[in-house]
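Colleague: Take a look and give me a structure for this.
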Amino acid sequence: MGGLLMSKVVVIGGGWAGCAAAISARKLGAEVKLLERTDMLLGTGLVGGIMRNNGRFTATEEMIAMGATELFEVCDLNSLHTDIEFFGHKHASFYNVSVVEGKVRSLLHKMGIKTIFNMRGKAVTKRGNKIISVSLDDGTEINGDTYVDATGTAGPMNNCKTLGNGCVMCIYRCPTFGGRISISEKAGVSEYFTQREDGTNGAFSGSCKIVKESLAVDIQEKLEQAGLCIIPVTPELQKENVLSMKACQQYARKEYQENIVLINCGHAKMMSPYYPLSVLRMVPGFESARYADPLAGGVGNSIRLSQIAEIEPTMLAKGVENLFCAGEKAGPFVGHTEAIVTGTLAGFNGVKLSEKEKLLTFPTSLAVGEGISYTLNEGKSEGKKCTFSGSSLFENLQEKNLYTTEKDKIVQRVKKEKLDNVFNHKIMMT
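Modeller: Numbers count the residues shown, from 1 in each chain. Alright, predicted model coming up:
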């Protein structure tokens, strides 16, 4: 790094993407401030839990080979089950949503990343096409050299009301902490929505959490032992439209309509959008079922993919000189792995820009590079929801022979591009 002064990077949004951006920037020696509007990190990661399934395995190992190890290691070390196979998915890991946030918070603290909770970035001050500062809910001005918008695309409440079934009290907790505010929009970046098959903007979050103890004992035991439980559903009780409404299109298979698929990631995660509670409780073993997230999961789920920024493959926002985007804010990327990939690149390039060095673009010879390229082109133009683990993106990776579980092959692929350990800059832990 050529600069004499420490670069200052401000990350807005503490989900997987924001945490990845903060870590990546900090490892390059930047002074990093991470703003999170709630009292916990990880956003949907607090109720997600699935890693390494299908093409996410390849993407994960590519990132590890490039030196972005920290968050993947946290997930691996806190997985309740590994190498699980279910409808359309292979070699999946389920991390424990109940403990992972504390592990990530501790990691950021040890790395010297300053995290500001219970505070939203509410407005920006610009000079020309460059952001000078972000103002917070309490009026504090936060200055940086570069900024990363990782605020996501879920909610706020007015979107869930007009595009969904209203606020269903999900993990975003907008009534308590205020709705998401898009820094990209405040900075004047053009944004767009994905669309459902009926032309409606946005997409429903893809799953619900059920309190495990509210299920029949045999279901609880199967989840604890195998990590997975599949319960057939009679035709009259099957959830309609389950295949098209979800943000996570890797589950757009008839098996997810004909069965209730549960996985164990702390809670029992039901791999379909909301089921009316009165109907769910008619399924044997679910007579006393209770939703853990969203609390009104019998009515609906949150609405996502409603405000996506126009960006370059480097994650730089179009039209603003020093703003990067990550996670769903950067494109119709769906998933924790996808968030970590884009966040890592955004934080890295944020420091490179402030140091006046060349920005990194992942080559399309890597699954992560092809994934970003595909999502920003076909995904956007055709309104597709993209993920390494399914849908048209995973099919594309397979067609181009980019999907593999051979770790040695992945390492050699990264070395061939001269990107091995590119993110592996060591800093002193506090």
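Colleague: Quick one: residues in contact with the strand or helix carrying D408.
Modeller: Using DSSP states H and E, D408 sits in helix 407-416. Contact with helix 407-416 is made by 58, 61-62, 65-66, 365-366, 404, 420, as judged by CB atoms under 8 Å, 6 or more residues apart in numbering. In this view, the C-beta of every residue, glycine as well, is placed from N, C-alpha and C.
Colleague: Which among those count as buried?
Modeller: 58, 61-62, 65-66, 366, 404 (16 or more other CB atoms under 10 Å).
Colleague: Take those residues and lay them out in CSV including secondary structure.
Modeller: Listed next are those as CSV, based on DSSP: H, G, I helix; E, B strand; the rest coil:
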residue, secondary structure
T58, helix
E61, helix
E62, helix
A65, helix
M66, coil
L366, coil
T404, coil
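Colleague: could you redo the contacts of helix 407-416 as a markdown table and give each row distance to A25 and pLDDT?
Modeller: Listed next are the contacts of helix 407-416 as a markdown table, based on distance: CB to CB, whole Å; pLDDT from 0 to 100:
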| residue | distance to A25 | pLDDT |
| --- | --- | --- |
| T58 | 25 | 98 |
| E61 | 23 | 98 |
| E62 | 20 | 98 |
| A65 | 20 | 98 |
| M66 | 15 | 98 |
| S365 | 26 | 98 |
| L366 | 21 | 98 |
| T404 | 30 | 98 |
| D420 | 20 | 97 |
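Colleague: Mind listing what's buried along the helix holding D408?
Modeller: 410-411, 413-414.
Colleague: Please apply the same query to stretch 74-93.
Modeller: Per 16+ other CB under 10 Å, stretch 74-93 contains these buried residues: 74-76, 78-81, 84, 86, 88-89, 92-93.
Colleague: out of those residues, which one sits closest to A25?
Modeller: Distances from A25 to the buried residues of stretch 74-93, taken as CB to CB, are shortest for V74 (17.8 Å).
Colleague: quick one: the strands in the stretch 151-300 of the chain?
Modeller: For the stretch 151-300 of the chain, strands defined by DSSP state E, counting those that start in this stretch occupy the ranges 191-192, 203-204, 208-210, 228-232, 259-265, 267-270, 291-293.
Colleague: Also the stretch 301-430 of the chain?
Modeller: 303-304, 308-309, 323-325.
Colleague: Can you get me a residue count around the closest residue to T364 other than its chain neighbours?
Modeller: Leaving aside its sequence neighbours, T364 sits nearest to E370 (CB to CB, 6 or more residues apart in numbering; 4.6 Å). Neighbour count for E370, taken as other CB atoms under 10 Å: 22.
Colleague: distance of E370 from A92?
Modeller: Distance, E370 to A92, by CB to CB, to the nearest Å: 21 Å.
Colleague: go on, C386?
Modeller: Per CB to CB, C386 is found 18 Å from A92.
Colleague: do F177 as well
Modeller: From F177 over to A92 (counting by CB to CB), the distance is 31 Å.
Colleague: Check I263 too.
Modeller: 8 Å.
Colleague: which residues does the residue lying closest to V261 once chain neighbours are set aside contact?
Modeller: Counting by CB to CB, 6+ apart, M271 is the residue found nearest to V261 once chain neighbours are left out, at 4.3 Å. Taking CB under 8 Å, 6+ apart as the criterion, M271 is in contact with 206-207, 251, 256, 261-263.
Colleague: Distance across stretch 326-346, terminal residue to terminal residue?
Modeller: End-to-end distance for stretch 326-346, by CA to CA, to the nearest Å: 6 Å.
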